[in-house]
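**Q** Build me a model from this:
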Amino acid sequence: MQSVTYRLSAPAKVNLFLTVGGRRADGYHEILTVFEPIPLADEVTVTIGSGSAGKWAVRVRPGPSVPRAPREPAPLPLDLDNLAGRAVIRYAHEVESLHAASRSVTPAGVEIIIEKRIPIAAGLGGGSSDAAAVLWALQEHFGHPLDSLALRRVALDLGSDVPFFLYGERAIGRSRGEDLVPIPPEPGLPLVVGLPAFSLGTADVYRRHDCLSARGTAGASGRQDPERPPSGTDRVGLLREALAGGRMPEVARALHNDLEPAAVSLRPEIRLALEALRKAGCLAAIPSGSGPSVFGLAQDEKDLGSLAARAGEWLSGTSPGAYEFVAMVSGPGPDTPGGRWGHPSQVRRRR
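**A** Numbers count the residues shown, from 1 in each chain. Alright, predicted model coming up:
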């Protein structure tokens, strides 16, 4: 069996809006969010060949990561400790359960090399995007044996953000984030993104949010009633209109993240990074997801680099080395193929 190698760009995201409802019986929270892809991306190389003794085999290893001084990148989880590796096994189980009689998909050996550019455990969805890239490669390789519903089921089992990354363009997310409503992706947003030199666990942030909600200090939409959805539908509507019109001051006023108080209480450096972005001249700044990554919205693309430099200079006086600020315009980036996964950026066949 020839092995086939797929090289894919796996972009990060920020959350332009995030409200959190109560904790559900399954342990997850109802959320209302607006996902925005950004061109910061991992490179994921997936090589699919013959399995060993009729069994699936998975190996995940790191590629050469791009150094981001002064970051000390967290080590990449390997093999089935990595969400991308678990994506292979979950995909195989789904295909085998649906196509057991036909055996249309034979067990394979899958090697995944991830060149990390997205910080790990930073609220940018890097691991989820890597897993989505692997799912795309498997679907392409085996002739799309899963329909859209089955593929979404696999993605959601892996993580709440993985369904978004299969879609990959600006969208409203409801429920756990998997109930997606597309929003026109243009225009892109001029952003300064703060990449942290430290990580923050999503579960830790949600636990702190629940504690703050119980005390009544988590913000207007923090609540413990799981039967009530998160608030913010009207504000999302305003944000959607502002995005469509490219009206950055209105977009800035609509940016919101319910998890900001919880994240800041765990890592006060986040507050300093947000203050640095605002002092540098951004219209607004919030954390992405559960943090600790942050981003600021600018009026336009002009002088984005200067904004990033000023934010870094300001933060160096209060929390040196905590963040690197990078200027970018939102969107999945020119290296992301086919609108999301339309075609692999490169395919190599070998014996």
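**Q** Now for residue 184, how many residues are close by?
**A** Residues contacting residue 184 under the criterion other CB atoms under 10 Å number 10. In this view, the C-beta of every residue, glycine as well, is placed from N, C-alpha and C.
**Q** Quick check: it touching residue 171?
**A** No: the pair residue 184 and residue 171 fails to qualify as a contact (CB atoms under 8 Å) at a distance of 10.3 Å.
**Q** Now do the SS call for residue 261.
**A** helix (DSSP: H, G, I helix; E, B strand; the rest coil).
**Q** roughly how far apart are it and residue 119?
**A** In this view, residue 261 and residue 119 are 22 Å apart by CB to CB, to the nearest Å.
**Q** between the two, who's got more neighbours?
**A** Each of residue 261 and residue 119 has its neighbours counted (other CB under 10 Å); residue 119 has more, 23 against 18.
**Q** low-confidence ranges in the stretch 51-200 of the chain?
**A** 65-74, 99-104 (pLDDT under 70).
**Q** for it, what spans make up the strands?
**A** 57-62, 108-115, 171-174, 179-182, 190-196 (DSSP state E, counting those that start in this stretch).
**Q** got the CA positions of the helix or strand following the last one in PDB?
**A** Sequence order places helix 202-215 as the next helix or strand after strand 190-196, per DSSP states H and E. What follows is helix 202-215, C-alpha atoms only, in PDB (Å, rounded to 0.1, in the frame of the first residue of the first chain):
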ATOM      1  CA  THR A 202      -9.600  25.700  30.300                       C
ATOM      2  CA  ALA A 203     -11.200  23.600  33.100                       C
ATOM      3  CA  ASP A 204      -9.500  25.700  35.700                       C
ATOM      4  CA  VAL A 205     -10.900  28.900  34.200                       C
ATOM      5  CA  TYR A 206     -14.400  27.500  34.000                       C
ATOM      6  CA  ARG A 207     -14.200  26.300  37.600                       C
ATOM      7  CA  ARG A 208     -13.200  29.700  38.700                       C
ATOM      8  CA  HIS A 209     -16.000  31.300  36.600                       C
ATOM      9  CA  ASP A 210     -18.500  29.000  38.400                       C
ATOM     10  CA  CYS A 211     -17.100  30.100  41.800                       C
ATOM     11  CA  LEU A 212     -17.300  33.800  40.900                       C
ATOM     12  CA  SER A 213     -20.900  33.200  39.500                       C
ATOM     13  CA  ALA A 214     -21.900  31.700  42.800                       C
ATOM     14  CA  ARG A 215     -20.600  34.800  44.600                       C
END
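**Q** If anything else comes up later, I'll come back, but that's it for now.
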